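**Student:** What follows is a predicted protein model with its sequence.
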Amino acid sequence: MRVVILEDAAAVSNRAADIFCHTLRKRPDCVLGLATGGTPLKTYQELARRYQNGEVSFSDATSFNLDEYVGLPAGHPQSYRQFMHEHLFSCTDFDASRCHLPDGSGNDLKGASEQYESAILAAGGIDLQLLGIGSDGHIAFNEPGSSLASRTRVKALTQQTRQDNARFFQSIDEVPRLSITVGIGTILDAKHILLLATGEKKASAVRAFVEGPVTSMLPASALQMHRHVTVLVDEAAAAWLSRADYYRQVEEVQSELEGS
Ligand code: PGA
């Protein structure tokens, strides 16, 4: 796991955008795994800015989002489809027909979950998977206790996650109780995983998943089992890391090796 400690959230988004652009340059028809929430917003703004400057194009890319609420009507302002449309798809040249999100609006959620897994496979798997992390250590909506081998399915949200997400709704009562989410096994199949964490509220979860044991009680810890994970954190989210000095040293050496 490559842990990169950066000054602030703006530096995290810039570096994340660099990694996206690098992936797209290497393979314009790559498959991107996308995330919602407060953390990736600045990265999407930066990608939209670079697109508008002619620095990057998404026209040949395919995307799969991590998760969606169950039961929100189509077009609901807090649905993740709406979020992606507003913050990324409509600001860039993504081809809407290749932008996928799990469908949490139908009656056959099991069928929709299986279809989603098949669609990812049919696209050739995910090249770059963007992740945030919940304050309880969840990735996508894989809450503590999720099987580390899980695939796309319906998952109940914890009270903590509903509380964390209540800021986007009028009240916590409006936050859905269920989601349809890719599994931890689905995430681990991605070729490169890029996790972003910013702000002091994430410091405890960051320390636990980077330096603690691998456990389903802290779903992000499963990333320790993956060969190619980049973790971008700002100083606040890195505050509880006991080996921060070492990660900084590694980064210096790595930057020299990469000639940056
Ligand atoms: P946030 O959510 O970016 O809004 O903090 C992250 C997550 O729950 O994965």
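**Tutor:** Sure, I can see it. Residues are numbered from 1 along each chain as shown.

**Student:** Contact residues of the stretch 51-200 of the chain facing the ligand?
**Tutor:** Residues of the stretch 51-200 of the chain lying near the ligand by C-beta under 6 Å from any ligand atom: 132-134. Bear in mind the C-beta positions are built from the backbone N, C-alpha and C, glycine included.

**Student:** how does it look with 5 Å?
**Tutor:** Proximity of the stretch 51-200 of the chain to the ligand is confined to 132, 134 under the rule C-beta under 5 Å from any ligand atom.

**Student:** For the residue in the stretch 51-200 of the chain that the ligand sits nearest to, give me its contacts.
**Tutor:** Per C-beta to the nearest ligand atom, residue 132 is where the stretch 51-200 of the chain lies closest to the ligand, at 3.2 Å. By C-beta atoms under 8 Å, 6 or more residues apart in numbering, the residues touching residue 132 are 35, 37-40, 139, 195-197.

**Student:** if you look at these, which of them are in helices?
**Tutor:** In helices, judged by DSSP state H, none of the contacts of residue 132 are found.

**Student:** Filter the residues you listed down to the buried ones.
**Tutor:** For these, a neighbour count by 16 or more other C-beta atoms under 10 Å gives the buried set as 35, 37, 39-40, 139, 195-197.

**Student:** Same list, those residues, but as CSV with pLDDT please.
**Tutor:** Shown next, in CSV, are the buried ones among the contacts of residue 132 (pLDDT from 0 to 100):
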residue, pLDDT
35, 98
37, 93
39, 97
40, 98
139, 98
195, 99
196, 98
197, 98
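
**Student:** Show me the two of these that sit farthest apart.
**Tutor:** For the buried ones among the contacts of residue 132, the maximum inter-member distance is 12.9 Å, found between 40 and 139 (C-beta to C-beta).

**Student:** before we move on, what SS does residue 179 have?
**Tutor:** Under the three-state scheme (DSSP: H, G, I helix; E, B strand; the rest coil), residue 179 adopts strand.

**Student:** That one contacts residue 157, correct?
**Tutor:** Yes - Residue 179 lies in contact with residue 157 (C-beta atoms under 8 Å); the separation is 6.0 Å.

**Student:** any idea how far stretch 36-48 is from the chain center?
**Tutor:** Centroid displacement of stretch 36-48 relative to its chain, using C-alpha atoms, centre = their mean, to the nearest Å, is 10 Å.

**Student:** quick one: that stretch near the ligand?
**Tutor:** Yes - applying C-beta under 5 Å from any ligand atom, one finds stretch 36-48 touching the ligand at 37-39.

**Student:** which residues are common contacts for residue 179 and residue 157?
**Tutor:** Common contact partners of residue 179 and residue 157 (C-beta under 8 Å, 6+ apart): residue 141.

**Student:** Can you list the low-confidence ranges for the stretch 151-260 of the chain?
**Tutor:** Segments of the stretch 151-260 of the chain classed as low confidence (criterion: pLDDT under 70) are 260.

**Student:** top helix in the chain by residue count?
**Tutor:** Longest helix of the chain, by residue count under DSSP H: helix 9-26.

**Student:** List the buried residues of that helix.
**Tutor:** For helix 9-26, a neighbour-count test (16+ other C-beta under 10 Å) marks 9, 11-13, 15-17, 19-21, 23-24 as buried.

**Student:** Report the mean confidence score over it.
**Tutor:** Mean per-residue pLDDT for helix 9-26: 98.

**Student:** is it anywhere near the ligand?
**Tutor:** No - on the criterion C-beta under 5 Å from any ligand atom, helix 9-26 is out of touch with the ligand, staying 10.6 Å away.
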